[in-house]
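Engineer: Any chance you can model this:
(one chain, ligands or ions: 1)
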Amino acid sequence: MKKFLALLLTLVMVLSLAACGGDTQTEEPDTEEPADQTQTEEPAAQGGTIGVCIYKFDDAFMTTYRNALQEILEGKGYTVTVVDGNNDQAKQNEQINTFITQGVDALIINPVMTSAAATIIDTVKTAGIPTVLINREPTADEMAVYDKLVYVGCDASQSGTMQGELILDTPNKGDINGDGKVSYIMIQGDPENIDAKLRTEYSVKALTDAGVEVEQLNLTRGDWDREKGQTICANDLAQFGDQVEVVFCNNDDMAIGALQSIQAAGRKVNEDIYLVGVDALDAALNEVQAGNMTGTVLNDANGQAAKAVECMEGLLAGDTYAAGEQSVYVDYVKVTPENVGDFMK
Ligand code: BGC
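Structural biologist: Numbers count the residues shown, from 1 in each chain. Predicted structure coming up:
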């Protein structure tokens, strides 16, 4: 029985490493490794030191994500330091350099600016530190220069499409006033993050692909922020009034802000206006259940954290990633009033 269990465990480990997308080859020790690092054939798990850089702590979704990361890593016996980049790329660069000087075994980095990815990759490559990038996806070409690097995230176009589908699933397909077109406002995240660009594009594309005519009343950058979501929505409702049939928010935090303005304007979600977000934050799940949000899309923070750690362990065991195969995606899931209970704790 013991032997069987051991065999099963080995099989599960091999399969999970393969699922992470790495080439699962154990490499010879890299000569570029700093001298103060011990290199073993086996994963450095149980006792390794890990540096985690978060773009800013003051982000609702990344708070869930970083807490999950910390819990999983500490649960596996790693020594973890999680640092706040305060939305400042220069500060994050310093934090990465400090981790490298301290000789961490691996890094998990949520870049402040996607446009800084090439510099970050160059730094970790020079230091020879296995690195998992999360949440802000660089281009395949930028990642290709370093084979001990992987990106773990989601395919943002999928979440956009799901937001559009949530509107298509309503009884009038979003056309509340029956004038033959869906008039919407778009509250966008920080467009530096590809999630913002793709959600904006694909939410609307789902409607037009289904043959639905659309009219964009306004598109405003809300930087993923609840208060900005509230202000933008209040301004748009003041300007466009009943013309607004759909409020697309690139994330839930902005949607929660928008909801406050929708309610303050005396509008009623799912009756005279639709509202969708992304992330499935606890607050948003409550609003979906209460009928105050049309729906949201699960951005699986726990699943991504688990996958990031799994990939990190693969890298520590010697996995390398071929160019063009360095993005590992976790699926989004549509959240509606019907299935919202499945996502609530
Ligand atoms: C999330 C946002 C979050 C952003 C941070 C996105 O994937 O949906 O809520 O603010 O990542 O980069």
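Engineer: Near the ligand, which residues of the stretch 1-150 of the chain? Just list them.
Structural biologist: Where proximity means CB under 6 Å from any ligand atom, the interface of the stretch 1-150 of the chain facing the ligand comprises 59, 61-62, 135-136. (Each C-beta comes from the backbone N, C-alpha and C, glycine too.)
Engineer: Out of those, give me the one that has the most neighbours.
Structural biologist: Within these, neighbour counts (other CB atoms under 10 Å) peak at N135, which reaches 24 neighbours.
Engineer: give me the number of residues near the nearest residue to that one once chain neighbours are set aside?
Structural biologist: Leaving aside its chain neighbours, N135 sits nearest to N110 (4.6 Å; criterion: CB to CB, 6 or more residues apart in numbering). For N110, the neighbour count with other CB under 10 Å is 23.
Engineer: Identify the residues contacting N110.
Structural biologist: With contact taken as CB atoms under 8 Å, 6 or more residues apart in numbering, N110 is in contact with 53-55, 62, 65-66, 85, 133-136.
Engineer: Cross these against helices and list the overlap.
Structural biologist: For these, membership in helices holds for 62, 65-66, with DSSP state H as the criterion.
Engineer: just how off-centre is the one helix or strand G51 maps to within its chain?
Structural biologist: Counting by DSSP states H and E, the element that carries G51 is strand 49-54. For strand 49-54, the distance between its averaged C-alpha position and the chain's averaged C-alpha position is 17 Å (CA atoms, centre = their mean, to the nearest Å).
Engineer: Go ahead and name everything in contact with that strand.
Structural biologist: So strand 49-54 is contacted by 62, 65-66, 69-70, 73, 78-85, 92, 95-96, 99, 102-111, 312 (CB under 8 Å, 6+ apart).
Engineer: Recalculate using a threshold of 6 Å.
Structural biologist: 62, 66, 69, 73, 78-83, 85, 92, 95, 99, 104-110 (CB atoms under 6 Å, 6 or more residues apart in numbering).
Engineer: What subset of the residues you listed is buried?
Structural biologist: Burial by neighbour count, 16 or more other CB atoms under 10 Å: within the contacts of strand 49-54 this picks out 62, 66, 69, 73, 78, 80, 82-83, 85, 92, 95, 99, 104-110.
Engineer: Please flag which of these sit within helices.
Structural biologist: Among these, DSSP H puts 62, 66, 69, 73, 92, 95, 99 in helices.
Engineer: beta partners for V335?
Structural biologist: The residues paired with V335 through beta bridges, assigned by DSSP bridges, are T296.
Engineer: Can you name the residues that contact it?
Structural biologist: Contact analysis of V335 by CB under 6 Å, 6+ apart lists 280, 295-296, 298, 343.
Engineer: Neighbour-wise, give me the winner out of those.
Structural biologist: With neighbours set by other CB under 10 Å, the maximum within these is found at T296, which has 31 neighbours.
Engineer: Now do it, the pLDDT please.
Structural biologist: The predicted local confidence for T296 comes out at a pLDDT of 98.
Engineer: likewise E325?
Structural biologist: The per-residue pLDDT reported for E325 equals 98.
Engineer: That one sits in which helix or strand?
Structural biologist: When elements are assigned from DSSP H and E, E325 belongs to no helix and no strand.
Engineer: for the ones in helices among the contacts of N110, which one is nearest F240?
Structural biologist: The nearest member of the ones in helices among the contacts of N110 to F240, counting by CB to CB, is M62 at 31.6 Å.
Engineer: Quick check: the closest residue in space to that closest one that isn't next to it in sequence vs V82, distance?
Structural biologist: Once its chain neighbours are removed from consideration, M62 has its nearest residue in I54; the separation is 5.6 Å (CB to CB, 6+ apart). In this structure, I54 lies at 6 Å from V82, with CB to CB, to the nearest Å as the measure.
Engineer: Which neighbours do these two have in common?
Structural biologist: Taking CB under 6 Å, 6+ apart as the contact definition, I54 and V82 share the neighbouring residues R66.
Engineer: Which residue, other than its chain neighbours, is closest to V288?
Structural biologist: Skipping the residues right next to it in sequence, V288 comes nearest to V340 by CB to CB, 6+ apart, at 4.7 Å.
Engineer: and which of the ones in helices among the contacts of N110 is nearest to the ligand?
Structural biologist: Closest approach between the ones in helices among the contacts of N110 and the ligand, by CB to the nearest ligand atom: M62, at 5.5 Å.
Engineer: Could you export the one helix or strand L217 maps to as CSV, CA atoms only?
Structural biologist: With the criterion set as DSSP H and E, the secondary-structure element containing L217 is strand 214-221. Only the C-alpha atoms of strand 214-221 are listed here, as CSV (Å, rounded to 0.1, in the frame of the first residue of the first chain):
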residue,chain,number,x,y,z
VAL,A,214,-23.6,48.8,-29.7
GLU,A,215,-23.1,52.4,-28.9
GLN,A,216,-20.3,53.5,-26.6
LEU,A,217,-21.4,56.5,-24.7
ASN,A,218,-18.1,56.9,-22.8
LEU,A,219,-14.9,55.1,-22.0
THR,A,220,-13.0,56.3,-19.0
ARG,A,221,-9.9,55.1,-17.2
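Engineer: Downstream of it, the next helix or strand is which one?
Structural biologist: Scanning onward from strand 214-221 (DSSP H and E), the first element met is helix 226-240.
Engineer: avg pLDDT for that next one?
Structural biologist: Mean pLDDT, helix 226-240: 98.
Engineer: same question, stretch 147-162
Structural biologist: If you average the pLDDT over stretch 147-162, you get 98.
Engineer: first to last residue in it, what's the distance?
Structural biologist: Distance between the boundary residues of stretch 147-162 (CA to CA, to the nearest Å) amounts to 33 Å.
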